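A.B. asks: Sequence first, then the predicted structure, then my questions.
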Amino acid sequence: SYFEMVRDHIKKNSGTEEDIYDVLQESIVILYKHIREESFKLTSDLKGYFFGIARNVWNAQLREKSKTTGLDIDISDEGDQTDSNQALLERIVSRSFILLKEDCQMIINLFMQGNTFEEIARRMGLKNESYARRKKYLCKEALMEIIKSDNEYHDLGSL
């Protein structure tokens, strides 16, 4: 039942079969390490605790994937995507990024460098981390609109 619970969550959040087994394995290792600690005290049911671990592991993997792709763009990778298509997409994203307002470029760059929203707010002179999070979202949306309006992006979709 734990497997099905984790599988359903990962599948609903753009995961693959391989991701499911990776998350399960890592979650079991983390659970084992927690149980071995003398200070460990289970305050909820084991199923909920395990699911929380698995969810955190999956969220961490998603964050890492979004950093390596450069944006939270969901590109279907059916195995037939060629290197030239990837290079074309990178050119489109780079070209679109340059068209963004300077503050949006800075916020996205800071985010991609792994800065926290608190650090981004401080460096950009924003009110607080919530506003930095919202600003990053708006900047990402603006970038996506620029990308979607690119003619080559539409051509890429038909390949």
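C.D. replies: Now that the structure is in, tell me what you want to look at. Numbers count the residues shown, from 1 in each chain.

A.B. asks: just how off-centre is the helix or strand containing residue 134 within its chain?
C.D. replies: Assigned by DSSP states H and E, residue 134 belongs to helix 129-148. Relative to the mean C-alpha coordinate of its chain, helix 129-148 is positioned 14 Å out (Cα atoms, centre = their mean, to the nearest Å).

A.B. asks: Tell me where the model's unsure across this protein.
C.D. replies: Applying pLDDT under 70 to the chain picks out residues 66-84, 156-159.

A.B. asks: Look up how far residue 115 lies from the most far-flung residue of the chain relative to its centre.
C.D. replies: Here the centre of the chain is the reference, and by Cα atoms, centre = their mean the most remote residue is residue 38, at 33.7 Å. Using Cβ to Cβ, to the nearest Å, residue 38 is found at 36 Å from residue 115. Every residue, glycine included, has its C-beta placed from N, CA and C.

A.B. asks: same thing with residue 43?
C.D. replies: From residue 43 to residue 115 the distance is 33 Å (Cβ to Cβ).

A.B. asks: And the biggest helix by length in the chain, what's buried?
C.D. replies: Looking across the chain with DSSP state H, the single longest helix is helix 46-69. For helix 46-69, a neighbour-count test (16 or more other Cβ atoms under 10 Å) marks 50-51, 53-55, 57-58, 61-62 as buried.

A.B. asks: Next, give me the two most distant ones among those.
C.D. replies: 50 and 62 (18.7 Å; Cβ to Cβ).

A.B. asks: what's the span of stretch 93-107, first residue to last?
C.D. replies: End-to-end distance for stretch 93-107: 16 Å, by Cα to Cα, to the nearest Å.

A.B. asks: What sits closest to residue 123 if chain neighbours are left out?
C.D. replies: residue 110 (6.3 Å; Cβ to Cβ, 6 or more residues apart in numbering).

A.B. asks: Can you verify my assumption that the one you found contacts residue 126?
C.D. replies: No: with contact defined as Cβ atoms under 8 Å, residue 110 does not count as touching residue 126 (10.9 Å).

A.B. asks: residues shared between the contacts of those two?
C.D. replies: Between them, residue 110 and residue 126 share these contacting residues under Cβ atoms under 8 Å, 6 or more residues apart in numbering: residue 120.
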